[in-house]
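> Sequence first, then the predicted structure:
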Amino acid sequence: MDKLTISNLSLFYGQSQALHDISLAIPGRQIMAFIGPSGCGKSTLLKSLNRMNDLVPGCRITGSICLEDQDITQGLDVNLLRRRVGMVFQKPNPFPMSIYDNVAYGPRAHGIRNRKELDAIVRDALESAGLWEEVKDRLKSSALSMSGGQQQRLCIARALAVKPEVLLMDEPTSALDPISTAHIEALCLKLKERYTIVMVTHNMQQAQRIADRTAFFWMGHLVEEGETEQVFRHPKMEKTAAYVSGQFG
Ligand SMILES: Nc1ncnc2c1ncn2[C@@H]1O[C@H](COP(=O)(O)OP(=O)(O)OP(=O)(O)O)[C@@H](O)[C@H]1O
C-alpha cells in the first residue's frame with residue numbers, strides 16, 4: 001500500500017504558484033528522492049507532507065495529500081501529523097541541551113515522564129540512528145559538543161524517538177563531509193526497513209546510491225517519477241534526460 005498519495009496538488013505563496021497539479025504516490029518502506037534544479041519546488045513539496053508550509057503567511061494549497069487513507073490537508077491535528085511524519089533538516093539543528101535531553105524531548109512533550117521508559121526510548125532511538133556506541137558514555141554532554149555528522153544523526157534519533165512512520169529529509173548531508181555523508185546514507189538504507197523516507201537531494205550520485213524511486217521536478221511541475229535506475233538510465237522525458245546528464249542544473 002502507498003504510504004502517501006499526493007493528488008492534483010497545487011501550492012501558492014500569495015500570488016505566485018510554486019507547485020502545479022502534482023500527483024505522486026510514495027510507497028511505504030522505500031526511499032523516494034526528489035531531484036531538480038534550485039527553485040523547482042522540491043522543498044515546498046516535502047514541507048507540504050507534514051504541513052510545515054502552514055507556518056508561511058499567504059500559503060495555500062488545492063488538491064489532497066493522503067497519509068494512508070487520511071487526507072492530511074483536511075482537519076488532521078497537525079501535532080499528531082508531525083508525530084507520524086517527522087523531519088530532518090539540511091543543517092543539523094540540535095537543541096542546546098544534553099544528548100539525552102535532545103532525544104527525550106519529543107517523548108516528554110507527548111507526556112512520557114517515567115525514567116525507565118524514557119531511557120529505553122532514548123537508547124532505542126540512538127541505536128537506530130547508529131549513534132549509541134559513540135555516545136552512550138556521555139549522554140549528559142551538550143549536543144553542541146558533537147561533530148556535524150554526529151549532530152545530524154542525533155537529529156535523526158530525535159525524529160525517531162516519537163516513533164514516526166515517515167521521515168522527511170531536506171538535503172540531510174549537504175552540510176556534511178564525505179565520511180559523515182556515507183554514514184547517513186548507510187543509515188537511511190537500514191531505516192527504510194521500518195520507515196518510509198522522502199529525501200530532497202542535489203546530489204545525483206546520492207539518489208542513485210540509495211533511492212528506490214526518484215521524482216524529477218522542474219519549475220514546480222513533476223516531470224517524471226519512476227524507479228531510480230529507470231529515471232537515470234532510461235528517462236522517458238527529454239527534460240529529465242537533459243537534467244540527469246548535467247546539461248542544466
Ligand atoms: N516562504 C516562501 N515564500 C514565498 N515563496 C517561496 C517560499 N519558499 C519558497 N518559495 C518559492 O517557491 C519556489 C520553490 O522553492 P523551493 O524552496 O521549494 O525550491 P527547491 O527546489 O527546494 O529549491 P532549492 O533546491 O534551491 O532548495 C521558489 O520560486 C521559491 O522562491
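That came through, no problem.

> Contacts only, for the most centrally placed residue in the chain.
The centroid of the chain falls nearest to Leu168 when counting by C-alpha atoms, centre = their mean (1.5 Å). Neighbouring residues of Leu168 by C-beta atoms under 8 Å, 6 or more residues apart in numbering: 46-47, 49-50, 85-88, 198-199. All C-beta atoms are positioned from the backbone trio N, CA, C, and that covers glycine.

> hang on, it is in a strand, isn't it?
Yes - assignment of Leu168 by DSSP: H, G, I helix; E, B strand; the rest coil places it within a strand.

> In the sheet, which residues pair with it? Tell me.
As for beta bridges, Leu168 partners with Met87, Val198 under DSSP bridges.

> any idea how far it is from Asp177?
Distance, Leu168 to Asp177, using C-beta to C-beta, to the nearest Å: 23 Å.

> Please work out how many residues are found near the spatially closest residue to Ile112 that is not a sequence neighbour.
Leaving aside its sequence neighbours, Ile112 sits nearest to Leu118 (C-beta to C-beta, 6 or more residues apart in numbering; 6.0 Å). Residues near Leu118, counting by other C-beta atoms under 10 Å, number 18.

> model confidence over the host helix or strand of Leu118, on average?
Taking DSSP states H and E as the definition, Leu118 sits inside helix 115-128. Mean pLDDT, helix 115-128: 97.

> near the ligand, which residues of this protein?
Residues of the chain found near the ligand (C-beta under 6 Å from any ligand atom) are 13, 18, 36, 38-44, 56.

> what about the helices in the protein?
42-48, 78-84, 99-109, 115-128, 132-135, 148-160, 178-191, 204-210, 228-233, 238-244 (DSSP state H).

> so what's Met97 up against?
105, 142-143.

> out of these, which are buried?
Buried members of those, counted by 16 or more other C-beta atoms under 10 Å: 105, 143.

> which among the contacts of Met97 gets closest to Leu81?
The shortest approach to Leu81 among the contacts of Met97 belongs to Tyr105, at 17.9 Å (C-beta to C-beta).

> State the pLDDT value of that closest one.
We have a pLDDT of 97 for Tyr105.

> surely it meets Pro96?
No - using C-beta atoms under 8 Å, Tyr105 is not in contact with Pro96; the gap is 11.7 Å.

> How much space separates Leu46 from Met32?
10 Å.
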